[in-house]
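[1] with the sequence up front, the predicted model follows.
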Amino acid sequence: MSRKRKKVLFISSVGGHLTQLMQLSPLFDKYNYHLVTEETAITKKLRDEHPTSYLVYGARNYPLSYIFKFSFNCVKSLLIFLQQRPDVVVTTGVHTSVPMCYIAKLFRKKVVFIESFAKTSSPTMSGKLVYPIADLFIVQWEGMLKHYPKAVHGGAIY
């Protein structure tokens, strides 16, 4: 009898966070995986190679529209979660991933957060929000352990 492969949802916002997340692509062969990111002209191509769902892109520098987009993304994250039913959520952050992490915890699923490579001396907002609920919190710089004492120093994923 074959073992059922774990379902892993990989989520991040666009840009460097997505670039870091895609560095984990060797893991895709080991799991039943699904990607979630923000929809942009660049990320639409992901669907050609990977099972992918999209959230609305929303930059925080436009506070009024961001509130609506973030609220919409929270609801859409719940729908994606219920559709995909992952065992684990893995994220490299940022704001797009926070609701999904909390939804995963609500359903008693594992959350793995990888703090941004760009953050060498101060925590991200999403890191601070997810740290208390993460089952595994990974930092890429040893100096970040002072901000996240229960984290694991995993080194760079680049």
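    Received, thanks. Numbering: from 1, shown residues only.
[2] which strands or helices does the one helix or strand Pro99 maps to pack on?
    Using DSSP states H and E, Pro99 sits within helix 98-106. Contacts defined by 3 or more CB pairs under 8 Å, 6 or more residues apart in numbering; DSSP states H and E place helix 98-106 against strand 7-12, helix 63-84, strand 88-93, strand 110-114, helix 125-130. Bear in mind the C-beta positions are built from the backbone N, C-alpha and C, glycine included.
[3] how about that helix, which residues are buried there?
    Residues Val98, Pro99, Met100, Cys101, Tyr102, Ile103, Ala104, Lys105 are the ones in helix 98-106 that count as buried (16 or more other CB atoms under 10 Å).
[4] leaving out chain neighbours, which residue sits closest to the residue most central in space within the chain?
    In the chain, the C-alpha nearest the mean C-alpha coordinate belongs to Thr91, at 2.3 Å (CA atoms, centre = their mean). Excluding the flanking residues, the one nearest Thr91 by CB to CB, 6 or more residues apart in numbering is Ser97, at 3.9 Å.
[5] how near is that neighbour to Leu64?
    22 Å (CB to CB, to the nearest Å).
[6] swap in Thr19?
    Taken as CB to CB, the span from Thr19 to Leu64 is 29 Å.
[7] more crowded one of these two?
    Thr19 (14 against 7; other CB atoms under 10 Å).
[8] quick one: the more buried one from Ala134, how far?
    21 Å.
[9] likewise Leu21?
    Taking CB to CB, one finds Leu21 at 16 Å from Ala134.
[10] so, low pLDDT: which residues of the protein?
    1-3 (pLDDT under 70).
[11] how about a cut-off of 90?
    Applying pLDDT under 90 to the chain flags the ranges 1-5, 42, 57-67, 93-96, 119, 156-158.
[12] please name the residues that touch the residue nearest to Arg85 when sequence neighbours are not counted.
    With CB to CB, 6+ apart as the criterion, Arg85 has its nearest non-adjacent residue at 6.3 Å, and that residue is Lys7. By CB atoms under 8 Å, 6 or more residues apart in numbering, the contact set of Lys7 is Tyr31, Asn32, Tyr33, His34, Gln84, Arg85, Pro86, Asp87, Val88.
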